[in-house]
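[1] Sequence first, predicted model second:
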Amino acid sequence: MNIGLIGEGAIGRHVQAELAKRGLVPVAWIVRPAKAQAGGPRVASARDLPEHVTLMIDCAGHAALAEHGPAILARGIDLLTVSPGALADPVLCDRLEQAATAGGSRLYLASGAIGALDCLQAARIGELAQVRYTGRKPPRGWMGSPAETVLDLATLDQAATHFTGTAREAALRYPKNANVAAAVALAGIGFDRTEVALIADPAVTANVHEITASGTFGRFTFHIEAASLPDNPKSSAIAAMSVVAAIERQRGWISL
């Protein structure tokens, strides 16, 4: 397995460090053009990737997946992404599907910051009546998002909901914050039936994610308080860890 990375942000750096502990050194990176090297391991586009890359890991968000994903898949290189929210855009979803078909490659979705997705996948075999995702973060975790147009995050002194709607709406409006909602939607009843509430709460110190679901299987609630990455309060550490876990499963190091 010859691995490449897209992006060198907080998630990308964490993934790179964890892979190094396991003896896996990425052989290529897709980075901003200013950091790219002619003929080097750091390139600006998928067309410049070395031929021996077999798996690219997208750690750079929705825009990067849209820019580089189709070209990577069309080259026959598998792609693992932490940005399932990008699939809320039906045009991009279609482009990725067509590219994967043309290249004989596969797009993998990391589970990200949420668990219980296997339970949702099993429950939808019957009838899922309702799935609701609630995301709760400290106010600073919502800075730079549309929450700033609804709430005064700097002075907020009690929990306040700044978004309610569908998972599709959340993923498109909050591309840096609603990947968990998208993962829940993809595992369960889809973008348009999954209900989402996003909350800024000065009383919490972690990123809190909760799923409630009901159907013919019964009812369940899943709750996780995920620590954020030290240098990015918007990203949960478990999201980066889920990328490494996905690679370990592919290599057969762990099994479920």
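    Arrived safely. Residues are numbered from 1 along each chain as shown.

[2] C-alpha only now, for contacts and for neighbours.
    OK.

[3] any weak-confidence spans in this protein?
    233-234, 252-256 (pLDDT under 70).

[4] Using the record's domain definitions, break it down for me.
    Per automatic domain parsing, the domain ranges recorded for the chain read 3-109, 117-235.

[5] those strands in the protein, which residues are they?
    3-6, 28-30, 42-43, 55-58, 78-81, 107-109, 128-137, 160-166, 195-200, 207-215, 218-226, 228-229, 232-236 (DSSP state E).

[6] wait, isn't Leu49 in contact with Val27?
    No - contact criterion CA atoms under 8 Å: Leu49 and Val27 do not qualify, at 9.3 Å.

[7] re the thing from before, got TSV for the domains of the chain, with distance to Arg251 and mean neighbour count too?
    Below are these laid out as TSV (distance: least, CA to CA, whole Å; neighbours: other CA atoms under 10 Å):
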stretch	distance to Arg251	mean neighbour count
domain 3-109	11	19
domain 117-235	20	19
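
[8] out of those domains, nearest to Gln250?
    domain 3-109 (10.5 Å; CA to CA).

[9] partner residues bridging the residue nearest to Thr81 when sequence neighbours are not counted?
    Excluding the flanking residues, the one nearest Thr81 by CA to CA, 6 or more residues apart in numbering is Asp58, at 4.6 Å. In this entry, Asp58 is beta-bridged to Ile6, Thr81, by DSSP bridges.

[10] quick one: Asp58 and Ala159, what's the gap?
    33 Å (CA to CA, to the nearest Å).

[11] and what of Gly61?
    27 Å.

[12] Ok, Glu225 next?
    From Glu225 to Ala159 the distance is 16 Å (CA to CA).

[13] Please apply the same query to Leu151.
    Taken as CA to CA, the span from Leu151 to Ala159 is 11 Å.

[14] Quick check: chain neighbours aside, which residue is closest to Arg126?
    Not Arg; residue 126 is Gly. Gly126 sits nearest to Thr216 (CA to CA, 6+ apart), 6.1 Å away.

[15] Look up the residues that both of Leu49 and Val27 are in contact with.
    Pro41 (CA atoms under 8 Å, 6 or more residues apart in numbering).

[16] Name the residues linked to His223 by a beta bridge.
    Beta-bridge partners of His223, counted by DSSP bridges, are Glu210.

[17] on that earlier part again, out of the domains of the chain, which comes closest to Ala245?
    domain 3-109 (10.0 Å).

[18] how far is the closest one from where the chain is centred?
    Its chain's C-alpha centre and that of domain 3-109 lie 13 Å apart, by CA atoms, centre = their mean, to the nearest Å.

[19] ok, now how distant is the closest residue to Lys137 other than its chain neighbours from Leu96?
    Nearest residue to Lys137 in three dimensions, chain neighbours excluded: Asn207, at 4.7 Å (CA to CA, 6+ apart). Between Asn207 and Leu96 the computed distance is 30 Å (CA to CA).

[20] Just confirm Ala197 contacts Ala160, I think it does.
    No - look at Ala197 against Ala160 with CA under 8 Å: they stay out of range, at 10.4 Å.

[21] so where do the helices sit in the stretch 1-150 of the chain?
    10-21, 62-74, 90-103, 117-123 (DSSP state H, counting those that start in this stretch).

[22] now the angle from the longest one to helix 62-74?
    On the basis of axes from the mean of the first three to the mean of the last three CA atoms, to 10 degrees, helix 90-103 is oriented at 20 degrees to helix 62-74.

[23] which helices and strands sit right next to helix 90-103?
    helix 62-74 (3 or more CA pairs under 8 Å, 6 or more residues apart in numbering; DSSP states H and E).

[24] Determine the set of other helices and strands touching the helix it packs on.
    strand 55-58, strand 78-81, helix 90-103.

[25] Would you mind measuring from the residue nearest to Ile199 when sequence neighbours are not counted to Val43?
    Once flanking residues are discounted, Ile199 sits nearest to Thr161: 4.2 Å by CA to CA, 6+ apart. The spacing between Thr161 and Val43, counted by CA to CA, is 41 Å.
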